[in-house]
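# For reference, the sequence and a predicted model appear below.
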Amino acid sequence: MGGYFDAATATPLHPVAREAMLAALTDGWADPGRLYPEARRARQLVDAALSVVAEILGERPERVHATPGGGEAAGYAVAGVRRGRRRIGGTVVRSAVEHSSVIKAVGGDAVEIPVDRLGRVSADAFAAAVREPGVAMAALMSANHEVGTRQPVAEVARACHEAGVPLYVDAAQTVPWEPVPTGWDLLSMSARKWGGPAGVGFLVLRPGVRWVDPRPALPPVNIPLLVGAAAALRAVRADADRQAKRLSALVDRIRAVVPAGVPDVEVVGDPVDRLPHVVTFSCLYVDGEALLHALAREGFAVSSGSACTADTLRPSHVLAAMGVLTHGNVRISLHPGTAEADVDRFLAVLPGVVAALREEAGVSGL
């Protein structure tokens, strides 16, 4: 995994998660809703996993709900509040840089709060928007998944509470690294972001939120995946401070070395108030898809912060909202298994890759 630099999408499975899932396959196969001994043992595994997640968040276990993923948790959060507050209205105030799953869940009935060139919203603009009539809820991610910029969640939460509007926070990127900012009413997470298995997310609801469960029926709990997700989160958070310092130093190095070694490159996002493991830069005169393929041939798995991809043919809404380049972008997101030598090799390879692509496109030397 030495060249895997796409942890903001999914982190390699943590060894603790693998061990926990294998154990749960033996003891967690029964229906936890039944009363016989095998079922009670399965129920104990579910309750223990939810208790681990709740403890890390400083919440009560009954407020933590397992979902099939982070995107599903976002959908449940938005649909449930809209049902609970339908007499008030259905408008959602959200930032312009929310994850696509949140934007999809909110739909067209939204007030979009713009961001500055670093990717951060104005708490004052959010406060003004939530005071308007017909607002069902607000949505603000804790930190951006493409550029790493942290958002002013605590300040926005105070404004939302003064206006009587519940705040939903997508905390998928911050939960593995640090406590979530205070004041939220609903919170979602995805186990893939901290070395848990795919197919597990969490929705956390605080008391007083008018939320009507939008699911037609409660889905069955995949006990091994749930147990693995909780085990990985506990292991990752126990080592979070050390890893955050280590990876942040590597990111600082990337932020400094890439623009020094590659002409016409812009590093985007807040250089200070950011996630410890994410950096995105834009290369002028380079096709983004070609750059990703070229880096893949060198053994690096990275993602594009812009990606006019074949399935959407649209540039990144995050970078567009920031007013930065939306082509030739590379997002590097490191994980606890990333070594300094991996970053060294990437920094050594990148200038030649970019130069070759520019020469092939006939734009070298500009």
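Structure's in. What do you need?

# Only C-alpha atoms from now on, for both contacts and neighbour counts.
Fine.

# wouldn't Ala105 be in contact with Ala74 here?
Yes: counting by Cα atoms under 8 Å, Ala105 touches Ala74, with 6.8 Å between them.

# Who has more neighbours out of these two?
Ala74 (30 against 17; other Cα atoms under 10 Å).

# Could you find the closest non-adjacent residue to the more buried one?
Ranked by Cα to Cα, 6 or more residues apart in numbering and with sequence neighbours excluded, the top spatial neighbour of Ala74 is Val102, at 5.7 Å.

# Please name the spatially closest residue to Arg255 (chain neighbours excluded).
Counting by Cα to Cα, 6+ apart, Arg255 lies nearest to Val267, which is 6.5 Å off, once chain neighbours are set aside.

# all strands of the chain, in order?
64-67, 91-95, 110-113, 135-139, 167-170, 186-190, 201-205, 265-268, 278-283, 329-333 (DSSP state E).

# Out of these, flag the one nearest Leu218.
Closest to Leu218 of these is strand 64-67 (Cα to Cα; 9.5 Å).

# Now do the contacts for the nearest residue to Met322 once chain neighbours are set aside.
Using Cα to Cα, 6+ apart and skipping the chain neighbours, the partner closest in space to Met322 is Arg117 (4.6 Å). Contacts for Arg117 (Cα atoms under 8 Å, 6 or more residues apart in numbering) come out as Gly269, Met322, Gly323, Val324.

# Please repeat the previous calculation with a cut-off of 10 Å.
With contact taken as Cα atoms under 10 Å, 6 or more residues apart in numbering, Arg117 is in contact with Val268, Gly269, Asp270, Leu319, Ala320, Ala321, Met322, Gly323, Val324.

# how near is it to Ala356?
Remark: distance between Arg117 and Ala356 (Cα to Cα, to the nearest Å) = 30 Å.

# what stretches of the stretch 101-250 of the chain score poorly on pLDDT?
Across the stretch 101-250 of the chain, the ranges flagged by pLDDT under 70 are 219.

# how about 90 then?
Low-confidence segments of the stretch 101-250 of the chain, defined by pLDDT under 90, are located at 180-182, 215-221.

# Pro152 versus Gly288, what's the distance?
From Gly288 to Pro152 the distance is 31 Å (Cα to Cα).

# out of those two, which sits in the busier spot?
Using other Cα under 10 Å, the more surrounded residue of Gly288 and Pro152 is Gly288, with 24 against 17.

# my guess is that one meets Val302, correct?
No: with contacts counted by Cα atoms under 10 Å, Gly288 stays clear of Val302, the gap being 11.2 Å.

# Mind listing the shared neighbours of those two?
Val330.

# okay, stretch 267-280 in PDB with CA atoms only?
Provided in PDB are the C-alpha atoms of stretch 267-280 (Å, rounded to 0.1, in the frame of the first residue of the first chain):
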ATOM      1  CA  VAL A 267      -1.800  24.300  -3.800                       C
ATOM      2  CA  VAL A 268      -5.400  24.900  -2.600                       C
ATOM      3  CA  GLY A 269      -7.200  24.900   0.800                       C
ATOM      4  CA  ASP A 270      -6.300  26.400   4.100                       C
ATOM      5  CA  PRO A 271      -2.600  25.700   4.800                       C
ATOM      6  CA  VAL A 272      -3.100  25.800   8.600                       C
ATOM      7  CA  ASP A 273      -6.700  25.100   9.800                       C
ATOM      8  CA  ARG A 274      -7.100  21.900   7.900                       C
ATOM      9  CA  LEU A 275      -7.200  18.100   8.200                       C
ATOM     10  CA  PRO A 276      -3.800  16.600   8.900                       C
ATOM     11  CA  HIS A 277      -3.700  14.200   6.000                       C
ATOM     12  CA  VAL A 278      -5.200  15.900   2.900                       C
ATOM     13  CA  VAL A 279      -3.600  18.200   0.300                       C
ATOM     14  CA  THR A 280      -4.800  19.200  -3.200                       C
END
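
# chain center to that stretch: distance?
Chain-centre distance of stretch 267-280: 14 Å, with Cα atoms, centre = their mean, to the nearest Å.

# please renumber so the chain begins at 803
Got it, first residue is 803 now, which makes that one stretch 1069-1082.

# mean confidence for that stretch?
Stretch 1069-1082 shows a mean pLDDT of 97.
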